[in-house]
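Q: 3D, please:
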Amino acid sequence: MRNTCGSRSRTVTEFAHENNVDLIIVSSHPIEKVQSARSMASVSYQVAVLATCPVLLLN
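A: As a prediction, this is how the structure comes out:
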């Protein structure tokens, strides 16, 4: 276990890269009720864009 602070999406993708993760699985629920799960601001979307490995988005 490790504690980090900073951007959630960048932290996830950096951890995945540093640890040679083969697949990232992320739930794509909205952070706020008014925010769409597919919003460019969503953490799941940012992880999918930044990751160097495949990302599976679950709804």
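
Q: Now tell me what touches the biggest helix by length in the chain from outside.
A: In the chain, assigned by DSSP state H, the helix with the most residues is helix 8-18. With contacts defined as CB atoms under 8 Å, 6 or more residues apart in numbering, helix 8-18 is touched by Arg2, Thr4, Val21, Ile24, Val26, Val43, Gln46, Val47, Leu50, Ala51, Thr52, Cys53. For the C-beta atoms, the positions are set from N, CA and C on the backbone; glycine is no exception.

Q: how deep is Ile24 tucked in, by neighbour count?
A: For Ile24, the neighbour count with other CB atoms under 10 Å is 20.

Q: How about the helix or strand just after the longest helix of the chain, which residues are buried there?
A: Where DSSP states H and E defines the elements, the next helix or strand beyond helix 8-18 is strand 24-27. Neighbour-count burial for strand 24-27 flags Ile24, Val26 (criterion: 16 or more other CB atoms under 10 Å).

Q: how much does the helix or strand that comes right after strand 24-27 deviate in direction from helix 8-18?
A: Toward the C-terminus, strand 24-27 is succeeded by helix 43-50 as the next helix or strand (DSSP H and E). When axes from the mean of the first three to the mean of the last three CA atoms, to 10 degrees is applied, the directions of helix 43-50 and helix 8-18 differ by 40 degrees.
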